[in-house]
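A.B. asks: Below are the sequence and a predicted model; questions follow.
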Amino acid sequence: MNENQPQNYDSTDLDRLHAAVKREKPDAQPGREPLSAPVLVAAFVLTILGGGYLGAYTHVSGFSFDQSNAFAGKPVDPRPVKLADGPALDAFQFAMKKGASVYNNCVGCHQPSGLGLPGVNPPLAGSEWVLGGTERLARIAMHGLMGPVTVKGTNFNNVMVAPPLSDTEIGQVLTYIRNSWGNQGSMVTKEMVVKAREVAGNHAGPWKAEELLPFADKDIPGEIPAGPGATVAPAAAPAAK
Ligand code: HEC
């Protein structure tokens, strides 16, 4: 045994002492303490909610996905049509109101004015294709149109891929374009679109104008519940206000 060594020498004492010193961290400087967990969680939640809100309700011109995507299936206006305020709407007025937002699927090409883009997209305002037979019009809305076509005396040669819409929405938007920008035409009902779909069958891809010429003046048969050319007498006249 070495005489110079203390009796109860234990090398692990020194290690333990150092380990304890190493574990200690200096106190955070005032103002630089880490955020508490609840504050971090709250900030995270608010960021997600805020992003969702901006995404859902901001329509900066040219930046809204639905506005710039002509083929979006859903109307961009998220507000429900309110029927509670004001006088009750008849079937025609209701279709016009709904159709105005379904028109968001067409507006990128045919424009808010209904005038289209010269040389590219034909006008709907004053168009004989819109005001003529509803059979032909429904087929364009269901399947699209391509190739040379003459609208109001001007030639176009382009492709319209029909946006995916329900039969109800097609009826509403066709009623809308037939009664906007000075146009006046009979209502197109959902039942008419269903009939037109049965007759046209599963048409693959857009129609060519000449394929539709035989229907130029053919209206889809069916009751017109209200609006121009209504075939049904108004139920009971609403009480005068
Ligand atoms: C991607 C652009 C685009 C979208 C979206 C679009 N159209 Fe068209 N539309 C066209 C083009 C292009 C033509 C002409 C096609 C051709 O040259 O054969 C046309 C033709 C028409 C025509 C026949 C010609 C006329 O001007 O009257 C009608 C009616 C019509 N579109 C209605 C609609 C409706 C209703 C919608 C929405 C449900 C719609 N379009 C969506 C581009 C579009």
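C.D. replies: Alright, I've got the coordinates.
A.B. asks: in a strand, that's where N158 is, yeah?
C.D. replies: Yes: per DSSP: H, G, I helix; E, B strand; the rest coil, N158 lies within a strand segment.
A.B. asks: Domain boundaries for the chain, per the record?
C.D. replies: Listed by automatic domain parsing, the domain ranges of the chain are 35-68, 83-215.
A.B. asks: How about the last one and the ligand, touching?
C.D. replies: Think domain 83-215. Yes: contact of domain 83-215 with the ligand (C-beta under 6 Å from any ligand atom) involves 105-106, 108-110, 121-124, 127, 129-130, 137, 140-141, 145-147, 149, 151, 156-158, 160, 163, 173, 177, 209. Where C-beta positions appear, they are placed from N, C-alpha and C, glycine not excepted.
A.B. asks: Just those residues: which are in helices?
C.D. replies: Among the residues of domain 83-215 next to the ligand, the members falling in helices (DSSP state H) are G108, C109, H110, W129, V130, L137, I140, A141, V173, I177, A209.
A.B. asks: Pipe the residues you listed into CSV and attach neighbour count and pLDDT per row.
C.D. replies: Below are these laid out as CSV (neighbours: other C-beta atoms under 10 Å; pLDDT from 0 to 100):
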residue, neighbour count, pLDDT
G108, 18, 95
C109, 16, 96
H110, 23, 96
W129, 21, 97
V130, 25, 97
L137, 25, 97
I140, 19, 97
A141, 26, 97
V173, 25, 97
I177, 25, 97
A209, 19, 95
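A.B. asks: The residues you listed into CSV, with extra columns for distance to G52?
C.D. replies: Shown next, in CSV, are those (distance: C-beta to C-beta, whole Å):
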residue, distance to G52
G108, 25
C109, 30
H110, 31
W129, 41
V130, 38
L137, 38
I140, 37
A141, 33
V173, 29
I177, 33
A209, 44
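A.B. asks: ok but V194 is inside a strand, no?
C.D. replies: No: read with three-state DSSP, V194 is helix and lies in no strand.
A.B. asks: Which helix runs longest in the chain?
C.D. replies: The chain, longest helix under DSSP H: helix 37-57.
A.B. asks: what about dumping the CA coordinates of that helix to PDB?
C.D. replies: Extracted in PDB, the C-alpha atoms of helix 37-57 (Å, rounded to 0.1, in the frame of the first residue of the first chain):
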ATOM      1  CA  ALA A  37     -45.500  26.300 -23.600                       C
ATOM      2  CA  PRO A  38     -49.100  27.700 -23.400                       C
ATOM      3  CA  VAL A  39     -48.000  30.900 -25.200                       C
ATOM      4  CA  LEU A  40     -46.300  28.900 -27.900                       C
ATOM      5  CA  VAL A  41     -49.400  26.700 -28.400                       C
ATOM      6  CA  ALA A  42     -51.700  29.800 -28.500                       C
ATOM      7  CA  ALA A  43     -49.500  31.500 -31.100                       C
ATOM      8  CA  PHE A  44     -49.500  28.300 -33.200                       C
ATOM      9  CA  VAL A  45     -53.300  27.900 -33.100                       C
ATOM     10  CA  LEU A  46     -53.800  31.600 -34.000                       C
ATOM     11  CA  THR A  47     -51.500  31.400 -36.900                       C
ATOM     12  CA  ILE A  48     -53.400  28.400 -38.400                       C
ATOM     13  CA  LEU A  49     -56.800  30.000 -37.800                       C
ATOM     14  CA  GLY A  50     -55.600  33.300 -39.300                       C
ATOM     15  CA  GLY A  51     -54.200  31.600 -42.300                       C
ATOM     16  CA  GLY A  52     -57.400  29.700 -42.900                       C
ATOM     17  CA  TYR A  53     -59.500  32.900 -42.500                       C
ATOM     18  CA  LEU A  54     -57.400  34.800 -45.000                       C
ATOM     19  CA  GLY A  55     -57.400  31.900 -47.400                       C
ATOM     20  CA  ALA A  56     -61.200  31.500 -47.200                       C
ATOM     21  CA  TYR A  57     -62.200  35.100 -47.400                       C
END
